[in-house]
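Asks: Starting from these lines, generate the structure:
(4 chains)
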Number of protein chains: 2
Amino acid sequence: MSETRVTMRDVAARAQVSLKTVSNVVNNYPYIKASTRSRVEEAIAELGFTVNVSARNLRRGRSGMIGLAVPELSLPYFAELADSVIRAAEARGLTVLIEQTGAVRERELAVLGGERRSFTDGLIYSPLALGPDDVGELSVVDYPLVLLGERIFGGPADHVTMSNVEAAYAATMHLVERGRRRIAVIGAHEGEAVGSAALRMQGYRRALDHAGIPFDPALVAEAGLWHRSTGAEAMARLLDDRVEIDAVFGLNDALALGALHVLHDRRVSVPGQIAVIGFDDIDETAYSSPTLSTVHPGREEIARTAVDLLLQRIEGPGKDQPFREVIADFSIVERQSTAG
Amino acid sequence: MSETRVTMRDVAARAQVSLKTVSNVVNNYPYIKASTRSRVEEAIAELGFTVNVSARNLRRGRSGMIGLAVPELSLPYFAELADSVIRAAEARGLTVLIEQTGAVRERELAVLGGERRSFTDGLIYSPLALGPDDVGELSVVDYPLVLLGERIFGGPADHVTMSNVEAAYAATMHLVERGRRRIAVIGAHEGEAVGSAALRMQGYRRALDHAGIPFDPALVAEAGLWHRSTGAEAMARLLDDRVEIDAVFGLNDALALGALHVLHDRRVSVPGQIAVIGFDDIDETAYSSPTLSTVHPGREEIARTAVDLLLQRIEGPGKDQPFREVIADFSIVERQSTAG
DNA sequence: GCGCTGCTCTACATCGTTGTATGCTTCGGG
DNA sequence: CCCGAAGCATACAACGATGTAGAGCAGCGC
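Replies: Residues are numbered from 1 along each chain as shown, chains lettered A, B, ... in the order given. Reported below is the predicted structural model:
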């Protein structure tokens, strides 16, 4: 019911000490008599004082908050990534501010110079629409930045990514080893030379080469946005075109789940007639029907690493190191959709 | 590369005006000569000035940030809710700070008095572990608070909720109308008198009464956490116990999806042998196999309303109104799992 | 020519904390 | 008995913005 905020001044008065002593208690300054400390702590408890973080931030020049820019939380991969980042940040005493860009180029760029950058100590940045041409936009950034994903390599920032090519190669080989030869891919981005789509396609083709299977463009289905719906549409197109298929590689799980859905609808048995593998290992893949084999991309590791790199840039000692690129481990998770 | 932040003082010097004039320009104070304004704006652009939000917050006593406390972002319902809240807040010039409580009682309580409350203008609070006994904890809150969900009613806060009983009634009737009589429920919380589980069970029983179907406890399957995995386990128990069933009502979508998964595994046809309906209308329900009928709870409306109520408390005129309870509309979404 | 009103801008104090510099004890060593 | 070093506490000046009060200066009516 008290209408006025309790400040350190109030606590100081109550505990009969100076304002700064209260500050020292709050910040665990070592040289404080036990008796003084407890008097102050009592006063704090009695008045229900909490530090005003705005004032502290202003004074310290740091906010203890980091930004996390992702396309959308309703995309499960990013929701799970956000979850992991929040946990990792919390463990290090940081607060995460999430910004959604909707995977729209302008909004992704707007985030870089946005107002929020002024009360955020750094940014974990996961663009989906930007490309290598936008590297320039990154170099104007004057705060700690950690890049995620596969849109931009060699930019002026730390970068956490995964072995997309190798992982896609492994996913494809997983199908090949199970005797599949007509392996469709869903989610290609025609004409794009960068990004997850391009890299994963590389891995796919490399695996085909390695297995001596000729590449057939008819097996490649486009899907601009990697959603369940676009995956479903792409799968439907392949079936409607009567392309011969015995396996599907969804470039991410949402696509694969969409495909799975269409296959079920059309009474195509999975993995009997067509085996399916996805990419990302989102929660849902363990509970679809059938469960979906996929690539586990080390999400937790990526989140932890990103937060650590950012923190090092923020408070040293890594402050002035050259930019680092960290590649997270992946693994193939075999489930029902490729079993037998 | 400039190592020192650009402040209003710098802009003022460059534009040859007082510091306050710069502030006035930034804040769209009306009485400024056009020439002055443009000179200041030029200086701002040239120096790349952005306001220091910490300082502004300190001075204004408001941060423009609101908290959103949810159990976990990896639960799709809450990820989608967070998405909606962020959008609604953005449209009103607010920034959202997400906190995850893990649905753990202590952490839910900790959020109420947490340090973050001091730099947040209000809180949208969606507890899952708290009960009516915790109403007292809410009354110590001295900041604007909007409660979400069904754990606490009549508390000292605005509350946005939905007609759980009516919606569950409608979902059950939806099954009854399709000729189902042996309707199992998954997700009950035995002995709990409050919360979504209890309310939705009420709706279920009321529908049975209305239809003249006797209530059979054997049809009720417990599931403490409402995850896919617990839904799957509950469904498996029902099948293993050889309970006669022709329909399943999952008290949320995750449970229903888990159940769907087990049914598929065991080659039980849906909706042929068993019809399934869920609750929440998460994205995924439109892409499962078969697609899942469910209750659409008006998530967007809930988010929008919550943000609006909070904003009114923050800046009046609704500041001192009595606490309001808003009930969002729901609708039944019919998909394949109950078709025919 | 006087006072008034309305526009435009400025000086100053202030929001709640923390860094710096410094003062006052007390204690042990020479 | 003096001195330096530690231990403990304080005063003061920032951090960068905004609210308040009021100062100039037109233009207007009388």
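Asks: Go ahead and produce PDB holding the CA coordinates of the worst-scoring helix or strand of chain A on mean pLDDT.
Replies: The helix or strand of chain A with the lowest confidence, counting by mean pLDDT, DSSP states H and E, is helix A:135-139 at a mean of 88. Included here for helix A:135-139 are C-alpha records, laid out as PDB according to Å, rounded to 0.1, in the frame of the first residue of the first chain:
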ATOM      1  CA  VAL A 135      27.600  -8.500 -43.600                       C
ATOM      2  CA  GLY A 136      28.200  -4.800 -43.900                       C
ATOM      3  CA  GLU A 137      25.200  -4.100 -41.700                       C
ATOM      4  CA  LEU A 138      26.800  -6.100 -39.000                       C
ATOM      5  CA  SER A 139      30.000  -4.200 -39.000                       C
END
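Asks: helices or strands next to that helix in the packing?
Replies: Applying 3 or more C-beta pairs under 8 Å, 6 or more residues apart in numbering or on different chains; DSSP states H and E, one finds that helix A:135-139 contacts helix A:105-113. The C-beta positions use only the backbone N, C-alpha and C, and glycine is treated the same way.
Asks: Show me the contact partners of the helix it packs on.
Replies: Where contact means C-beta atoms under 8 Å, 6 or more residues apart in numbering or on different chains, the residues beyond helix A:105-113 that reach it are A:67, A:69, A:99, A:101, A:123, A:125, A:127-130, A:134, A:137-138, A:140-141, B:50.
Asks: Quick check: next helix or strand after it?
Replies: From helix A:105-113 onward toward the C-terminus, using DSSP states H and E, the following helix or strand is strand A:122-125.
Asks: Is chain B within reach of that next one?
Replies: No. Taking C-beta under 8 Å from any C-beta of the partner chain as the criterion, strand A:122-125 and chain B are apart, separated by no less than 14.2 Å.
Asks: Just the mean pLDDT for that strand, thanks.
Replies: Confidence over strand A:122-125 (mean pLDDT, whole number) is 96.
Asks: Also stretch A:269-277?
Replies: 96.
Asks: part of a helix, is A:V160?
Replies: No. Read with DSSP: H, G, I helix; E, B strand; the rest coil, A:V160 is strand and lies in no helix.
Asks: Mind pulling up the pLDDT for it?
Replies: 97.
Asks: got it, and the one 10 residues further on?
Replies: You'll see A:A170 listed with a pLDDT of 98.
Asks: Tell me which helix or strand the residue positioned nearest the centre of chain A sits in.
Replies: With distances taken as C-alpha atoms, centre = their mean, the residue of chain A nearest its centroid is A:L81 (4.2 Å). Secondary-structure assignment from DSSP H and E places A:L81 in helix A:76-91.
Asks: Any residue of the helix or strand following that helix touching chain B?
Replies: Sequence order places strand A:95-100 as the next helix or strand after helix A:76-91, per DSSP H and E. Yes. Strand A:95-100 reaches chain B (C-beta under 8 Å from any C-beta) through A:T95, A:V96, A:L97, A:I98, A:Q100.
Asks: so what strands line up beside strand A:95-100?
Replies: Listed by DSSP bridges, the sheet partners of strand A:95-100 and their directions read strand A:65-70 (parallel).
Asks: Could you pull up the mean pLDDT of the partner strand?
Replies: Per-region confidence: strand A:65-70 scores 95 on mean pLDDT.
Asks: OK, contacts around A:I274?
Replies: A:I245, A:D246, A:A247, A:V248, A:L263, A:V268.
Asks: neighbours around A:G191, how many?
Replies: Here the neighbour count serves as a burial measure; for A:G191 (other C-beta atoms under 10 Å in any protein chain shown) it reads 6.
Asks: if we can go back for a sec, buried ones from the contacts of A:I274, can you make that a PyMOL selection?
Replies: Selecting only the buried members of the contacts of A:I274 in PyMOL, with burial defined as 16 or more other C-beta atoms under 10 Å in any protein chain shown, works like this:
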select buried, chain A and resi 245+246+247+248+263
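Asks: which residues in the stretch 151-300 of chain A form helices?
Replies: Using DSSP state H, counting those that start in this stretch, the helices of the stretch 151-300 of chain A run over A:164-177, A:195-211, A:228-240, A:253-265, A:299-315.
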